[in-house]
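# quick one: sequence and predicted model below, then my questions.
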Amino acid sequence: MYGITLRTVRKKKGITLQTLATGVCSVSFLSKFERGESDISLHLMTLLLEKLMISFEEFLFIHHDYSLNQVELFFKQADTLYLARDLDGLALLKEEQLIKWQTHGLGTHINNALLLEVYEGIIGETPKSEEVQRVNVQRLSDYLFGVEEWGYYELSLYSGTMLLLEPDMVITLSKTAYFKSVRFREYEKITTLVISVLLNTVIYLLGPVNRFNEPFKYTSELNQFFNFLDEITSPEQRLIERLHVNYLKGIFQMRVGRIATGTAEVESTIQLLHQLKAPKLADNIAHYLKQIQKHM
């Protein structure tokens, strides 16, 4: 019950019922809400949380006993199973989502199952048929294009299924992700996800290293995505992400034939990461650079 959680927060902050209720609602109404005996409007809840100096996100985190909510928990579980290459675990989680879809009829559950199918296809030995892939892509795109505002769920879903899509669809959906999430940018978690989507889009469009010696056709698109990234990655607040952008700009320079300029920019980023005591990240980029140089 939200009221019980509110009472917990209020008491931990040393605020009385009278103090919290003043200017918002009656003491008796607040007391009933805290005991779980009445509901409350979103407007009043917002006012109470503002007086407690706590965001809805923090409140829900406390309400869920300082753990992730169900949406975040699903994506974390899916990522963990994917990184562990646990096909059985992915299959079980997908079955759970399909059962929920059959029970509740919510499209989000079938979207979740699609995400898990993508992970299965990447690490499994049996790829999906072209017809199944086509249907999955259509279902996914219909959902994403139909949502007016993209929040945590849409950004996470798209990020996890991007590899399923053709480049033109990725370009369109990544732009959609950037523009349709703008009203959520005050939330740190959302901005981080948007940056991740844009970085992954750049990497996707750059293509595999064994094709770096081929002509490149996404120059204007990548310039636009780099502009998006420049707008939302402040060096003072997001230094590591800014360095990611810089090294990818260097890779982009190499991709379009400016080898010396691009190499120097990537090597500069590697040096900065070593200075920042981030050797693992620096080594990953150095390995990527060497792989590219073999195919230039």
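Good, I have the coordinates.

# ok, L173 - how many residues close by?
Counted with other Cβ atoms under 10 Å, residues neighbouring L173 total 23. All C-beta spots, glycine's among them, are computed from the backbone N, C-alpha and C.

# what residues of whatever helix or strand it lives in count as buried?
In the assignment (DSSP states H and E), L173 maps to helix 167-180. Buried residues in helix 167-180, defined by neighbour count with 16 or more other Cβ atoms under 10 Å: V170, I171, L173, S174, K175, T176, A177, Y178, K180.

# try stretch 146-157
Within stretch 146-157, the residues that count as buried by 16+ other Cβ under 10 Å are W150, G151, Y152, Y153, E154, L155, S156, L157.

# rewinding a little: can the buried residues of helix 167-180 go into a markdown table with extra columns for pLDDT?
As requested, these are exported to a markdown table (pLDDT from 0 to 100):
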| residue | pLDDT |
| --- | --- |
| V170 | 96 |
| I171 | 97 |
| L173 | 96 |
| S174 | 97 |
| K175 | 97 |
| T176 | 95 |
| A177 | 95 |
| Y178 | 96 |
| K180 | 94 |
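
# switch these over to JSON lines; also include distance to Q271.
Compiled in JSON lines, the buried residues of helix 167-180 are given as follows (distance: Cβ to Cβ, whole Å):
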{"residue": "V170", "distance to Q271": "31"}
{"residue": "I171", "distance to Q271": "32"}
{"residue": "L173", "distance to Q271": "35"}
{"residue": "S174", "distance to Q271": "30"}
{"residue": "K175", "distance to Q271": "33"}
{"residue": "T176", "distance to Q271": "36"}
{"residue": "A177", "distance to Q271": "32"}
{"residue": "Y178", "distance to Q271": "30"}
{"residue": "K180", "distance to Q271": "37"}
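
# from the residues you listed, which is closest to S41?
Nearest to S41 out of the buried residues of helix 167-180 is K180 (Cβ to Cβ; 27.4 Å).

# still on that earlier bit, now do the helix holding L173: distance to the chain's middle.
Offset of helix 167-180 from its chain centre (Cα atoms, centre = their mean, to the nearest Å): 14 Å.

# by contact count, what packs against it?
helix 130-146, helix 152-161, helix 188-206, helix 219-232 (3 or more Cβ pairs under 8 Å, 6 or more residues apart in numbering; DSSP states H and E).

# recalculate using a threshold of 6 Å.
Of the remaining helices and strands, those touching helix 167-180 by 3 or more Cβ pairs under 6 Å, 6 or more residues apart in numbering; DSSP states H and E are helix 188-206.

# give me the number of residues near N112?
The number of residues packed near N112 is 26, by other Cβ under 10 Å.

# so for it, what's the pLDDT?
In this model, N112 is scored at 92, pLDDT.

# sec struct for it, please.
Under DSSP: H, G, I helix; E, B strand; the rest coil, the three-state class of N112 is helix.

# can you pull the contacts of it?
Q97 (Cβ atoms under 6 Å, 6 or more residues apart in numbering).

# name the nearest residue to the spatially most central residue of the chain, sequence neighbours excluded.
The centre of the chain sits closest to L193, judged by Cα atoms, centre = their mean, with a distance of 3.3 Å. Nearest non-adjacent residue to L193, counting by Cβ to Cβ, 6 or more residues apart in numbering: L155, 4.1 Å away.

# the one you found contacts I195, doesn't it?
No: the criterion here is Cβ atoms under 6 Å, and L155 misses it with I195 at 10.1 Å.

# which strands and helices sit next to the worst-scoring helix or strand of the chain on mean pLDDT?
Least confident element among the helices and strands of the chain, by mean pLDDT, DSSP states H and E: helix 56-63 (a mean of 80). For helix 56-63, there is no helix or strand it packs on, judged by 3+ Cβ pairs under 6 Å, 6+ apart.
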